[in-house]
Structure formats: structure tokens, C-alpha cells
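**Student:** any chance you could fold what I've pasted below:
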Amino acid sequence: MLEAFFGVADEEQEPVTRVEEAPPYNQLPAEEAHYALFTNGSCCVIGMSRRWKAAVWSPTQQVAEATEGEGGSSQFAELKAIQLALDIAEREKWPRLYLYTDSWMVANALWGWLKKWKEANWQHRGKPIWAAEEWKDIATRLEKLSVKIRHVDAHVPRSRANEEQQNNQQVYHAAKIGELKIDLDWEHKGELFLARWAHDASGHQDTINLDMNRFC
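**Tutor:** Numbers count the residues shown, from 1 in each chain. Predicted structure coming up:
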């Protein structure tokens, strides 16, 4: 399947190169943790249509940002989450970005596959690779920003989850279709965290009444 989509053999699911691997989150110096984002994506069928949702989570700011759309797949959503993280880093003028993901596909791409795809003119067997335009966009942006990425083990029981895995669980829930959605203004990250906390603490999993103007 990977070979059909990307032009790489299935046995290459292990990382191609580690030159851009980020350190474990809990080993980041405090001043560097500010530039760390956890990413995740999901996809599901609602009614007669398929929808995807991509999310990022900032551990230091305790806030999530999400985007969603029609069609796609969970892998496509993981890809859009990386683009969203790059959007944030560029918008905030960060000098570097540390990405944490539980997607081997995304991690391997940034560790080495992108270079192979670019050398092959973004084609495999004469046809464009899957999501070629999105990968091209990411590759171009990586040339302008120092980025490192780390793969995080997913779905570890809460009782055994370390800090890195707990943050991965946060972004996993933020990426679920149907979760509370707010178009975030990054300036109001503190207000959103309080609203999110109130939502979870209230036990209302479906709806919550908020003054949306506070977040616009």
C-alpha cells in the first residue's frame, strides 16, 4: 500500500534517516518547549459524506487549534495537521519547530521520504504521488524553517502514559470529529483553555453554551 501511494516499499516503514529527529518532549529545555506542537488527524463518515479533521496541541500554552474539511482520509488529516503546525510557527515567527506525531507515515516523510519524492519529481511510476501538492507545500516550507519531528507511541493507557504520551492524547481528542470546535485566535489561548476545562469538567460531551464572541 505504501509503495502504491508513495513509491516506497512496505519494509521501509521504519525511519529512513534520523537526522531530523526531535528529542523526547520531556528532554526539551524549557525555552525550547514553547516551540513544540503535537499533531493528529482523524476521518469519519457523517451521513452520506466523509469528513476529516486535523488538530495541533501546544503543551506550554495548553491550547488546541483545529481545521477540518470534506473528503480525505485519516492519513490526509495527519498531513493537514502538519501544515497547520507550520501555519502556527510561521504566524508566530518561531525560529524553529518541534513536531510530535503518532503517525509513522508523517514521521518517515519528514525524516527522509520527502527528499526521495522531490528527486523523483513527486511521481511514482509516471503518476503523481498521493497528496503531491500538500507534500510539495510542506517541503518548500521546511526549507525556510528548522523543523525536527519525533514519533510518539499512541494509545498508551492513561495510568502508564508519560508526559509525551499524555500530550499526544490531548491532540488525539482535539482531532476527533464532533469535538467542540472553535476557530482560535492564538492571542486568546488562555481563555480557550479555561473554556475547554469548563467543558470537560461539566461532563457535557455533546454541546456547551459559550459566548463565541470572546474567541473572535
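
**Student:** wait, doesn't Tyr98 sit right on Gln27?
**Tutor:** No - using CB atoms under 8 Å, Tyr98 makes no contact with Gln27, being 10.6 Å away. Quick note: C-beta positions are derived from backbone N, CA and C, even for glycine.

**Student:** ok, those two, which is more surrounded?
**Tutor:** Neighbour count, other CB atoms under 10 Å: between Tyr98 and Gln27, Tyr98 has more, with 23 against 10.

**Student:** doesn't that one belong to a strand?
**Tutor:** Yes - checked against DSSP: H, G, I helix; E, B strand; the rest coil, Tyr98 lies within a strand.

**Student:** so who does it touch?
**Tutor:** By CB atoms under 8 Å, 6 or more residues apart in numbering, the residues touching Tyr98 are Ala22, Pro23, Tyr25, Leu28, Glu32, Tyr35, Ala36, Leu37, Val147, Lys148, Ile149, Arg150.

**Student:** tell me which of those residues fall in helices.
**Tutor:** With helices taken from DSSP state H, the overlap with those comprises Glu32.

**Student:** in strands, which of the contacts of Tyr98 appear?
**Tutor:** Ala36, Leu37, Val147, Lys148, Ile149, Arg150 (DSSP state E).

**Student:** residue contacts, the residue nearest to the fifth one when sequence neighbours are not counted?
**Tutor:** It stands for Ile149. Spatial nearest neighbour of Ile149, excluding adjacent residues (CB to CB, 6 or more residues apart in numbering): Leu99 at 4.2 Å. Counting by CB under 8 Å, 6+ apart, Leu99 makes contact with Ala22, Ala36, Leu37, Phe38, Thr39, Ile82, Ala85, Leu110, Val147, Lys148, Ile149, Arg150.
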